[in-house]
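>>> Predicted model, plus sequence, below.
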Amino acid sequence: MSSKFVRELFDARRWSLTARLATFFGTAIAVIVVCVSLMMYAELVHQLHEKEEVELINDMRIEQEVLSGMAKKKVPTHWQNEWREQQEEYQMFAWQLLAADGRRQSASGNAGAFAAGLAPAGPAGHFVRMPAAADRVLLTFDQPAGWPAGAGSVLRGVLDVSQDELVLRRYRTRLVGVALSAVLLSAAIGWLLARRGLAPVRAISTEIGRVNAERLHARIAQESWPSDLRVLAETFDDMMAKIERSFEQLSRFSSDLAHEFRSPINNLVAAASVTLGRARDPAEYQKTLEIVVEEGDRLSRMVSSMLFLARADHAKQQVRYEVVSTGAEFGKLLEFFDIVAEEQGVALQAAGSPVLRADPLLLRRALSNLLANALRYTPRGGAIDLLAEDHGDAIVISVTDNGVGIGAEHLPFLFDRFYRADAARSSADSTGLGLAVVRSIAELHGGSVSVHSTLGAGATFVLRLPKAPAF
């Protein structure tokens, strides 16, 4: 048997739940049985010892009366002779009368058989138990004899209690046997009860074991589980629902990713192939290079956004908090987007300047994505409003446009990666990741982002960020 196996055998952390419950049950029953057995044994010992002491005291009292009567009348009466004869036949009680100087004045006829018990014992008035020969126990007691032996005399009695001690030994043996049997039986019953009680756990484990990538829709909470396991089943179903949604989102993301990468790559290949098909003038080559640069820039922005989202998903994106004024950030955004807005005939307005703690670069990127998205879908003559408000424990920043708007059926998915509502909300220069980046930045700051829109009446994107980060 290897040492590793022995360590695992005695390591309770590796035991099955059935073994643990059976051990706990058996231990509890063992403690109860042992305690009850000890109480019963202690009570039996107390009763036997009390009976023996009373018997010894009574025998000595009668013997003292016999001695007193004989001393008075010099000739024993009939009952005194009968008492002596009875004690001679009894052979379980012996006595000795000692003078004050320790000399033996008188003794029973069987005193020689009780030599160990009649030897000098403890102080008067105390019972003393002592072993004599093999399997023999004597109980001794000294009491003042008084008259007729004189002052200081002692009457010493001894009682053979070997039979009672034999009864106690037999009782102990049977009690140990019964206790061991009860412990073993309780352990076996505990094992059976624990195994039967844990049957739902094995059943739920079997159900969980059947779940795979093709059965992510499987749910187990609808079964008739015990109340405490129902919580586990419901938690498992919630987890499976999240996994299923994540799996579907990952599958959709992979498909969209392939599609989004294929489009600019095909454009690059097509432009290069057409250009290389025959000799062309410099203007045509320049136009092809412009297409290559445009598509390459689109691919670069797409890869950059994907890397940011990947770092945010794995909590590897560092957030460097600083005191940021939303009014100052609005000013930088308007200055950057002013030329583009002027070319598109869109008016930009900003209001509010509350202060919060945030990463200025990430906040600027989120606001830039929202403003660029609004510019992309706001027609000429439209307007975009940026507003920052202090809501107590949070700063709420809204970006409102009066563009084409978004249908209500698309709003729950708008922040998913590569999701596009329809052709009216798509553009060739869009990577489909801008709003997903905004949501990740909001979540990195412990905030949230939402959208309110009516088709044909514009949209409002609301970024809610806590004033101070929760460390």
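All right, it came through fine.

>>> what bits of the stretch 301-450 of the chain have low per-residue confidence?
Where the stretch 301-450 of the chain drops to pLDDT under 70, the residues are 302, 305-317, 418-432.

>>> Please enumerate the helices of it.
Remark: helices assigned in the stretch 301-450 of the chain by DSSP state H, counting those that start in this stretch are 326-344, 360-376, 434-444.

>>> And the longest one, what's buried?
In this case it means helix 326-344. 326, 329-330, 333-334, 337, 341 (16 or more other C-beta atoms under 10 Å). From N, CA and C alone the C-beta is placed, and that goes for glycine too.

>>> what's the closest of the residues you listed to Arg357?
Thr326 (11.9 Å; C-beta to C-beta).

>>> wait, doesn't the closest one sit right on Ile395?
Yes - applying C-beta atoms under 8 Å as the test, Thr326 and Ile395 come out as touching, 6.5 Å apart.

>>> what is in contact with the two at once?
354, 356, 388 (C-beta atoms under 8 Å, 6 or more residues apart in numbering).

>>> Name the nearest residue to the first one, sequence neighbours excluded.
By that I understand Pro354. Asp390 (4.2 Å; C-beta to C-beta, 6 or more residues apart in numbering).

>>> Give me the helices and strands touching the helix or strand containing Ala179, please.
Using DSSP states H and E, Ala179 sits within helix 162-197. If you count contacts as 3 or more C-beta pairs under 8 Å, 6 or more residues apart in numbering; DSSP states H and E, helix 162-197 packs onto helix 17-73.

>>> Let me see the domain layout of the protein.
12-173, 227-311, 318-466 (automatic domain parsing).

>>> Start and end of the last one, how far apart?
Its start and end residues considered, domain 318-466 measures 17 Å (C-alpha to C-alpha, to the nearest Å).

>>> about what we covered before: taking the buried residues of helix 326-344 together, which two end up most distant?
Checking the buried residues of helix 326-344 with C-beta to C-beta, the most distant pair is Thr326 and Ala341, at 19.1 Å.

>>> Any idea what Arg156 is bridged to?
Gln96, Asp142 (DSSP bridges).

>>> Against Val34, how distant is it?
Here the criterion is C-beta to C-beta, to the nearest Å. By it, Arg156 lies 40 Å from Val34.

>>> Settle it for me: which of those two has more neighbours?
Arg156 (25 against 15; other C-beta atoms under 10 Å).

>>> Give me the neighbour count for Ala19.
With other C-beta under 10 Å as criterion, Ala19 counts 15.

>>> Quick check: closest non-adjacent residue to Glu207.
Ile220 is the one closest to Glu207 (C-beta to C-beta, 6+ apart), at 4.7 Å.

>>> could you measure the one you found against Leu17, distance?
19 Å.

>>> Nearest to Gly190, out of the domains of the chain?
domain 12-173 (3.1 Å).

>>> What mean pLDDT does that closest one get?
Averaging pLDDT along domain 12-173 gives 78.

>>> Stretch 222-237 now?
Rounded mean pLDDT across stretch 222-237 is 74.

>>> need the contact list for Ala328.
Ser353.

>>> got it, and Pro354?
If you count contacts by C-beta under 8 Å, 6+ apart, Pro354 has them with 325-326, 388-390, 395.
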